[in-house]
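> compute the structure for the input listed below.
(one chain, ligands or ions: 1)
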Amino acid sequence: QPFNEVMVKIQEGKELTKEEIVLLLKSDSQSEKEALYQAADKMREEIIGDTVEIRGAIEFSNYCKKECNYCGIRKGCTTPSRYRMTEDEIMESVYQLHQWGIKTVILQSGEDDYYTTDMLIQIITRIKRETKMGVTLSIGEKSYDEYQFLREAGTNNFLLKIETTNRQIFEFIHPDDNYDTRIQCSEWLRELGYANGSGNMIGLPGQTEEDIAEDILFFKKMRIHMIGIGPFIPAKGTPFETYETGSIEMTLKAVAVTRLVCKNVYIPATTALASIDPDGQTKALKCGANTIMLISTPEKYRKNYQIYSHKNMIDLASAFKSIAEANRSIPKYLKVTPQEVV
Ligand code: 5AD
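Got it, this is the predicted structure:
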């Protein structure tokens, strides 16, 4: 009965040990998995409510100076044609999101030094002044000072994933990153008052349930506010192109356990999950996830932001569909209704 004992501990509001988290991640029978998903769904409902938060992501540059072995826009990858959006192009996309009533825009890119801190500050300042939207940055590792300037310019959130807390795997997949630097950056972001995003990939080479349990405990210890959990998906033209795709089931179990352990956090139903399973977002929303990121990059650039192959294009119509299928509500602040977009 060990599984049931852990479920009782959750009901009693007790903290779980690493071993207990591993046990949940290893649950294999249909009935156990369902019990796990239901418990996470219930906790999401009690703590967050029934509304799915919708955010828009603009992938404004696919240039990158790093060589992460899994990533389809790594420096050495010749597949994508490289693009950079101008400030005005970025603003056009921001206005579109603003018109829909969306409250947060995520600016994401490769690690591209073409955009100086001053240029980024200029863009952030315009977004804040012209739309008052929340701004999330997802642009990788920076110095403390840069993070500070970007924060002072009004940036609200920063996404910087650890990807895995297993040091060996981290080094194996990131030939030019340092594990301690990544953690340092994440600590700086919290110190500077950002809502701090992290996350991991499921199904990395050599990754075990124990590693995923450590990831989840890390998110809790680091007081991470937003946790993106997605399956690893091989990207064409990368050293990992022939590796196996991460498991949907394990991703869903990780989402559920993360909700149960970290409780009051934002968990997106990730694009990666939607890319390998048409019902992936609906499933994630039913086991603890509570946000969806729309891909709001202009049509002509989107296809070149293939961080992994067959990346799904999440638009408003598909977000509304996932939300309806998960029996959840769209945010009241949206100025578009499902009828209008379909
Ligand atoms: N498979 C799955 N997720 C990936 N990411 C990047 N490359 C891949 C891949 N091949 C994820 C990472 C990164 C986010 C922007 O996309 O988690 O942080």
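
> for the longest helix seen in the chain, what is the average pLDDT?
For the chain, the longest helix by residue count, based on DSSP state H, is helix 30-47. Averaging pLDDT along helix 30-47 gives 98.

> helices or strands up against that helix?
Applying 3 or more C-beta pairs under 8 Å, 6 or more residues apart in numbering; DSSP states H and E, one finds that helix 30-47 contacts helix 2-11, helix 248-262. Any C-beta I mention is one placed from the backbone N, CA and C, and that applies to glycine too.

> please repeat the previous calculation with a cut-off of 6 Å.
helix 248-262 (3 or more C-beta pairs under 6 Å, 6 or more residues apart in numbering; DSSP states H and E).

> which non-adjacent residue is nearest Cys185?
The spatially closest residue to Cys185, leaving aside those adjacent along the chain, is Glu141, at 5.2 Å (C-beta to C-beta, 6 or more residues apart in numbering).

> and the one you found, how many neighbours?
For Glu141, the count of nearby residues is 16 (other C-beta atoms under 10 Å).

> how near is it to the ligand?
12 Å (C-beta to the nearest ligand atom, to the nearest Å).

> residue ranges with poor pLDDT in the chain?
For the chain, the stretches flagged by pLDDT under 70 are 342.

> quick check: Ser138 touching Gln108?
Yes: counting by C-beta atoms under 6 Å, Gln108 is a contact partner of Ser138 at 3.9 Å.

> more crowded one of those two?
Using other C-beta under 10 Å as the criterion, Ser138 and Gln108 rank with Gln108 on top: 21 against 18.

> relative to Thr208, how far out is that one?
29 Å (C-beta to C-beta, to the nearest Å).

> go on, Ser93?
In this view, Ser93 and Thr208 are 40 Å apart by C-beta to C-beta.

> again with Leu24
14 Å.

> got the phi/psi numbers for the closest residue to Tyr194 other than its chain neighbours?
Nearest in space to Tyr194, with sequence neighbours left out and distances taken as C-beta to C-beta, 6+ apart, is Phe158 at 4.4 Å. Phi and psi for Phe158, reported as degrees, to the nearest 10, are phi -140, psi 130.

> also the one 4 residues further on?
As for Ile162, its main-chain torsions (degrees, to the nearest 10) stand at phi -80, psi -20.

> surely it meets Ser198?
Yes: counting by C-beta under 6 Å, Ile162 does reach Ser198; the two are 5.3 Å apart.

> what's the overlap in contacts for the two?
Shared contacts of Ile162 and Ser198 (C-beta atoms under 6 Å, 6 or more residues apart in numbering): none.

> that older thread, are we agreed that the residue nearest to Cys185 is in a helix?
No: applying DSSP: H, G, I helix; E, B strand; the rest coil, one finds Glu141 to be coil, outside a helix.

> look up how far Ile162 lies from it.
In terms of C-beta to C-beta, Glu141 sits 12 Å off from Ile162.

> ditto for Ile73
As judged by C-beta to C-beta, Ile73 and Ile162 stand 19 Å apart.
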